[in-house]
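> Fold the following for me, if possible:
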Amino acid sequence: MSTAALDQGSVQAPGTRGQVLAWGLWDWGSAAYNAVILTFVFSVYLTDSVGADLPGSISANSYLAWSIGIAGLFIALLAPVTGQRADAGGHRKLSLGFWTGLVVVATAGLFFVQNEYSYLWLGLVLLALGSIFFEFASVSYNAMLRQVSTPDNIGRVSGFGWAMGYFGGIVLLLLVYVGFVTGDGDTRGALGISTDGGLNIRVIALVAALWFALFAIPVLLKVPETPGLPKEKRLGFLASYRKLFADLKELYRTDRHTVYFLGASALFRDGLAAIFTFGAVLAVTVYGINEADVLIFGVAANVASAVGAIIGGRLDDRIGPKAVIMGSLIGMLVSGGILAFLSGPTSFWIFGLALTLFVGPAQSSSRTYLARLTPPGKEGQMFGLYATTGRAVSFLAPTLVGFFTFAFDSDRAGIIGILLVLAAGTIALWGVRAPSAELDAAHEGR
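Residues are numbered from 1 along each chain as shown. Just a heads-up that it's a prediction; the model follows:
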């Protein structure tokens, strides 16, 4: 580990409770984009309403998948260097604020996407841009984890952040459901917003933008900025890529288990993402849950995931992140395997919620695993690589879901694709060495 890296990370004191809360509130606010815009509300509005009468043989669902896929390509290419430059320049917090602000702008822009297929392209572009900006913001946000934690409580702090995200999703989903979605007729929700031109859903985009903006402010005020390298040691954009490749080569030579973890986590994180991406679709098409109740299931799933993240965070500090991730993945494989052979809403509620109970700790401990492996001062770059490796295989689970659905002419068969990706991630992680006590000691002595 280089002296520069240690020096760069050595000035940060463990975060206060107020700083931890401020950091977690960003996760709470981010649910506005993840849960409301990308998962349960606006993406559904784009595919089922705006693009419902789209001319041609290509569906709005396909265009949505392609737009998110293109966004993933940009993230994969740019995220590591974005994080690296934020580390070197000493503007990790500035980077978080900048990218978060762009997510808010893109989200608010969705208000102008009316319920007519000619507006589909505007919606897809804004969703793709929002996804890119959100991932860049997440790189800096995740890199801050060690600024607000110590090796002794990093698991609990990470679990707290994930739980805040889930609980934020719960509260906001319930608010928009009651306020803007529930009911029938030309007006919806307790506020009686008109459905003309999709106004009730478009207003939700404004609410989501405001929600994220408000809850992103505390971390920008409470958590101090990181120190950077002297100006003469900072690199230009292209030189940053050369340094990135040199660092990767050095990382593989000196600590290839970190590289192995990035690969293994990319696999199982793709499986985790597929659970949320396809869960709502499978709930309706396979298990007979009506579309109105899907939102309620989403709330319950967030509760289960939040509880799992809190419990998993405490276990992480006691037995280490690898054991928590392995146990969570095995729990998901068992729950999903049982679910694949059952039918009916009751079965989905029981085993679907059991499955989501393990998602939270897997996500949280994956973040702490990498944080424990990362040399001080390299957090932004490493979490940039974390984003890149995740995007590099993000096609895998959706492709397998589509393949098994087509091969067996059954939506239920798509579950096999998700389970295969989770199983591959579990096997890949099995041989990866757990974080060492030496690195924890280096983090403690920063």
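
> After the lowest-mean-pLDDT helix or strand in the chain, which helix or strand is next? Please name it.
The weakest-scoring helix or strand in the chain, judged by mean pLDDT, DSSP states H and E, is helix 3-9 (a mean of 36). On the C-terminal side of helix 3-9, the nearest following helix or strand under DSSP states H and E is helix 17-31.

> Sketch out the low-pLDDT regions of the stretch 251-400 of the chain for me.
277, 280-281, 291-292, 391 (pLDDT under 70).

> residue ranges for the helices of it, please.
Ranges of helices within the stretch 251-400 of the chain are 256-285, 291-319, 321-339, 345-373, 379-392, 396-407, based on DSSP state H, counting those that start in this stretch.

> what's the answer for the stretch 101-250 of the chain, then?
Using DSSP H, counting those that start in this stretch, helices in the stretch 101-250 of the chain cover 120-143, 154-176, 199-222, 237-254.

> Pull out the buried residues from the third one.
Applying a neighbour-count criterion of 16 or more other Cβ atoms under 10 Å, one finds 199-205, 207-209, 211-213, 215-216, 218-220, 222 buried in helix 199-222. (C-beta placed from N, C-alpha, C; glycine too.)

> next one: the second one
In terms of neighbour count (16+ other Cβ under 10 Å), helix 154-176 has its buried residues at 154-170, 172-173, 175-176.

> How about stretch 350-368?
351-368.

> gap between it and the chain center?
Relative to its chain's centre, stretch 350-368 lies at 13 Å (Cα atoms, centre = their mean, to the nearest Å).

> again with stretch 310-328
Mean-position distance between stretch 310-328 and its chain equals 19 Å (Cα atoms, centre = their mean).

> Next, work out how far apart Asn34 and Tyr386 are.
Distance of Asn34 to Tyr386, given as Cβ to Cβ, to the nearest Å: 17 Å.

> Tell me which of the two has more neighbours.
It is Tyr386, of Asn34 and Tyr386, that has more neighbours when counted by other Cβ atoms under 10 Å, with 28 against 21.

> Nearest residue to that one in space, ignoring adjacent ones along the chain?
Counting by Cβ to Cβ, 6 or more residues apart in numbering, Tyr386 lies nearest to Leu370, which is 5.6 Å off, once chain neighbours are set aside.

> In this structure that neighbour contacts Tyr260, no?
No. Leu370 lies out of contact with Tyr260 (Cβ atoms under 8 Å); the separation is 11.9 Å.

> tell me the pLDDT at the nearest residue to Leu127 once chain neighbours are set aside?
The spatial neighbour of Leu127 that comes closest, neighbours along the chain excluded (Cβ to Cβ, 6+ apart), is Ser67 at 6.3 Å. With respect to pLDDT, Ser67 scores 83.

> How about Asp440?
Looking at Asp440, its pLDDT stands at 51.

> can you check Ala423 too?
96.

> Give the burial count for it, as a bare number.
Neighbours of Ala423 under the rule other Cβ under 10 Å: 19.

> could I get the one helix or strand it maps to in CSV with only the CA atoms?
Assigned by DSSP H and E, Ala423 belongs to helix 414-430. C-alpha atoms of helix 414-430 as CSV (Å, rounded to 0.1, in the frame of the first residue of the first chain):
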residue,chain,number,x,y,z
GLY,A,414,-37.7,-16.9,-16.3
ILE,A,415,-37.1,-17.5,-12.5
ILE,A,416,-34.5,-20.1,-13.5
GLY,A,417,-32.4,-17.4,-15.2
ILE,A,418,-32.3,-15.3,-12.0
LEU,A,419,-31.4,-18.4,-9.9
LEU,A,420,-28.6,-19.4,-12.2
VAL,A,421,-27.0,-15.9,-12.0
LEU,A,422,-27.3,-16.0,-8.1
ALA,A,423,-25.8,-19.5,-8.1
ALA,A,424,-22.9,-18.4,-10.3
GLY,A,425,-22.2,-15.5,-8.0
THR,A,426,-22.3,-17.7,-4.9
ILE,A,427,-19.8,-20.2,-6.4
ALA,A,428,-17.5,-17.4,-7.6
LEU,A,429,-17.5,-15.8,-4.1
TRP,A,430,-16.8,-19.1,-2.4
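
> Does anything pack onto it? Which helices or strands?
Applying 3 or more Cβ pairs under 8 Å, 6 or more residues apart in numbering; DSSP states H and E, we find helix 414-430 packed against helix 256-285, helix 321-339, helix 396-407.

> nearest to Ile58, of those helices?
helix 396-407 (14.6 Å; Cβ to Cβ).

> what comes into contact with the closest one?
Residues outside helix 396-407 that contact it (Cβ atoms under 8 Å, 6 or more residues apart in numbering) are 65, 267, 270-271, 273-274, 277-278, 411, 413-418, 420-421.

> residues of it that come out buried?
Residues Leu396, Ala397, Pro398, Leu400, Val401, Phe404, Thr405 are the ones in helix 396-407 that count as buried (16+ other Cβ under 10 Å).

> try stretch 300-314
For stretch 300-314, using 16+ other Cβ under 10 Å, the buried residues are 301-313.

> Report how many residues lie close to the spatially closest residue to Ala266 that is not a sequence neighbour.
Nearest residue to Ala266 in three dimensions, chain neighbours excluded: Thr389, at 4.1 Å (Cβ to Cβ, 6+ apart). Residues lying near Thr389 (other Cβ under 10 Å) number 23.

> residues in contact with Thr389?
Leu262, Gly263, Ser265, Ala266.

> again with Leu355
Contacts of Leu355 (Cβ under 8 Å, 6+ apart): Ile275, Gly331, Met332, Ser335, Gly336, Leu339.
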